[in-house]
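Take a look and give me a structure for this.
(one chain, ligands or ions: 2)
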Amino acid sequence: MSPLLWTEEALLVATNGQLHGKIEPLSGVSIDTRTLEKGDLFVALEGESRDGHDFVRMAFEKGAGAALISHRRAAEFSDAGPVLAVPDVLDGLRHIGMAARARSSAKIVAVTGSVGKTSTKEALRTVLSEQAVTHASVASYNNHFGVPLTLARMPESARYGVFEIGMNHAGEIEPLTRMVKPHVALITTVEAVHLEFFSSIAAIADAKAEIFAGLLPQGVAVLNRDNPYFERLEASAQASPAGKASPAGKASPAGQIIGFGAHEKAEIRLLDLKLLPDGSDVVVDYFGRRLSYRIQSPGRHIALNSLGILGVAGALGADVDRVAAGLAHVRPPEGRGARLELGEAGHAITLLDESYNANPAAVRAALSILSATPVGAGGRRIAVLGDMRELGEQSAALHAGLAPDVVANGVDVVLACGPFMKALWDDIPPALRGAYAPDSATLEAALLDTVRPGDAVMIKGSFGSRMGLLVAALKGRFAKGNA
Ligand SMILES: Nc1ncnc2c1ncn2[C@@H]1O[C@H](COP(=O)(O)OP(=O)(O)OP(=O)(O)O)[C@@H](O)[C@H]1O
Ligand SMILES: [Mg+2]
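Ligands and ions are numbered 1, 2, ... in the order given. This is a model prediction of the structure:
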């Protein structure tokens, strides 16, 4: 049984709710009956398409210890199990989250950025867990309910807390970071993502900079020194409450701004990088000290993310040498660069599963990984690309703009799908055109027809483009012994 997380009394103090029944100590917090565990508090969130109240009875059947529900529905569930009724369930969850934050003595980092949040958060979870009890967000739970939920799940025993904070629109990060109150804020990078909702990339940078609003006084900002928006972010960090505590944000034990990257002024500077098919050897100048380590995910972008991880870990007070060594234990999360060998050894197909999401920066990074992936005798490098979503008016131009990268990275065959990828398809040399289809399901037959032993295949697209279907199809067709 998991250790105690919430008592009846603590929940009453946090939510000021109305109790019906008696709540025994709870060991977890859940918003989804599919993953609910015995002894959890079930939070009946009202989403756009589903209302959690429709699942309260099922939650009790699965062993929920209590449910957080709306006042309006309290009478309906009086016989179902112990319930705590509040005027607004999401607000109740926020209050539980804030109570968890208030009682915690963990050192906390908030991770945001246009790409690399989850990869970085998961790497931090792995390396920090090797040193002390670490609590981190599940998956990409980085929004208006994911962040309070992650806070509400934080045990008192946590020594480190790692929170992913995301946004699609300006103004979304600020209330979340004010709840999380991080000691350290990391912005992985600023790129053309969610452009549909922003007038410019500078406006995206400003929305990311909202993360500093919650940074504790004397807190540390860890920023990508190579990004064109570094100075803009630095100015925001200096103007934040944390920056004011230490004027000009000069390097000092507190109120510090740390830059990471290849830039000569970076405090954590890339000295040498050896890109290997399945990882990288990295040499870094860490505040004047040389560190060498191995990472197990390929790509320059992932290597650069690791410099940010060192910056965060050091700022949280962890042993940086152990963190550098621990990076060798980090595996890429599913759909974000996982590398699989399918079929028979000797003439296998290498599959790079990048199906989780896509934007111009991430597709460029994935193409460079494909280019560094070895192929077997007669094998080809095949890029399977689905739409990058939420790019707004510039969408067609941003898709077509990948054509030079496709060529420069030595891609032999392009399989494309989706209305936006048509713009890229039209712009690549005809010799590279394998097949185009309006959607991923329709592309499946051509994919299975095209791929043969020895090939390296990289599959990437926004989550909504459903490129995962193609990953599954290829795995099914070329499962070991099936080739
Ligand atoms: N610094 C980077 N530059 C470019 N691409 C990156 C970088 N870091 C990670 N990526 C790529 O971006 C994709 C998304 O990674 P990840 O899931 O970590 O991002 P995220 O910011 O959590 O995304 P989301 O907004 O969907 O939560 C992956 O394909 C990953 O390889
Ligand atoms: Mg994420």
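
I'd like to know how far the residue of the chain found nearest ligand 1 sits from ligand 2.
In the chain, the residue found nearest to ligand 1 is residue 116; the distance is 2.7 Å by CB to the nearest ligand atom. Bear in mind the C-beta positions are built from the backbone N, C-alpha and C, glycine included. Separation of residue 116 from ligand 2 (CB to the ion, to the nearest Å): 8 Å.

That residue: neighbouring residues, count only.
For residue 116, the count of nearby residues is 26 (other CB atoms under 10 Å).

my read: it touches residue 303, true?
No - using CB atoms under 8 Å, residue 116 is not in contact with residue 303, being 11.4 Å away.

Quick one: low-confidence residue ranges for the stretch 351-483 of the chain.
Scanning the stretch 351-483 of the chain for pLDDT under 70 picks out 480-483.

quick one, strands of it?
For the stretch 351-483 of the chain, applying DSSP state E, counting those that start in this stretch gives strands covering 381-385, 413-417, 433-437, 456-460.

nearest to residue 130, of these?
Closest approach to residue 130 among these is made by strand 456-460 (30.9 Å; CB to CB).

and that closest one, anywhere near ligand 1?
No - shown here: strand 456-460 not in contact with ligand 1 (CB under 6 Å from any ligand atom), separated by at least 6.9 Å.

where's that strand relative to the chain centroid, distance-wise?
What separates the centre of strand 456-460 from the centre of its chain is 20 Å, taken as CA atoms, centre = their mean, to the nearest Å.

Is there proximity between stretch 339-358 and ligand 2?
No - Stretch 339-358 lies apart from ligand 2 when judged by CB under 5 Å from the ion; the minimum separation is 7.7 Å.

so, in contact with ligand 1 or not, that stretch?
Yes - with CB under 6 Å from any ligand atom as the criterion, ligand 1 is reached by stretch 339-358 at 354, 356-357.

Kindly indicate the member of the residues you listed with the most neighbours.
residue 354 leads the residues of stretch 339-358 next to ligand 1 on contacts (other CB under 10 Å) with 28 neighbours.

For that residue, list the residues it contacts.
Neighbouring residues of residue 354 by CB atoms under 8 Å, 6 or more residues apart in numbering: 335-337, 362, 366, 458-460.

Excluding covalently adjacent residues, which one is nearest to it?
residue 460 (3.8 Å; CB to CB, 6 or more residues apart in numbering).

The one you found: neighbour count?
28.

The closest residue to residue 442 other than its chain neighbours and residue 195, how far apart?
Leaving aside its sequence neighbours, residue 442 sits nearest to residue 417 (CB to CB, 6+ apart; 6.9 Å). Residue 417 sits 21 Å away from residue 195, going by CB to CB, to the nearest Å.

Ramachandran angles for residue 478?
Main-chain dihedrals, residue 478, degrees, to the nearest 10: phi -110, psi 30.

and the residue in the stretch 251-400 of the chain that ligand 2 sits nearest to, what does it touch?
Taking CB to the ion, ligand 2 has its nearest neighbour within the stretch 251-400 of the chain at residue 357, 7.7 Å off. Taking CB under 8 Å, 6+ apart, we find residue 357 in contact with 335-336, 461-463.

Show me what the mean pLDDT comes to for the longest helix belonging to the chain.
The longest helix of the chain (DSSP state H) is helix 300-316. Averaging pLDDT along helix 300-316 gives 97.

Tell me how far that helix lies from the chain's centre.
Averaging C-alpha positions (CA atoms, centre = their mean) puts helix 300-316 14 Å from its chain's average.

Helix or strand next in line after it, which one?
helix 320-326 (DSSP states H and E).

who does that next one touch, helix- and strand-wise?
helix 117-129, strand 289-295, helix 300-316 (3 or more CB pairs under 8 Å, 6 or more residues apart in numbering; DSSP states H and E).

Pick the most buried one from these.
helix 300-316 (a mean of 25; mean count of other CB atoms under 10 Å).

distance of the residue nearest to residue 442 from residue 343?
Between residue 417 and residue 343 the computed distance is 23 Å (CB to CB).

More neighbours: these two, which one.
Neighbour totals were compared for residue 417 and residue 343, and residue 417 leads with 29 against 24 (other CB under 10 Å).

quick revisit: can you tell me how far the residue of the stretch 251-400 of the chain closest to ligand 2 is from residue 461?
With CB to CB as the criterion, residue 357 and residue 461 are 8 Å apart.

I'm done for today, thanks for sticking with me.
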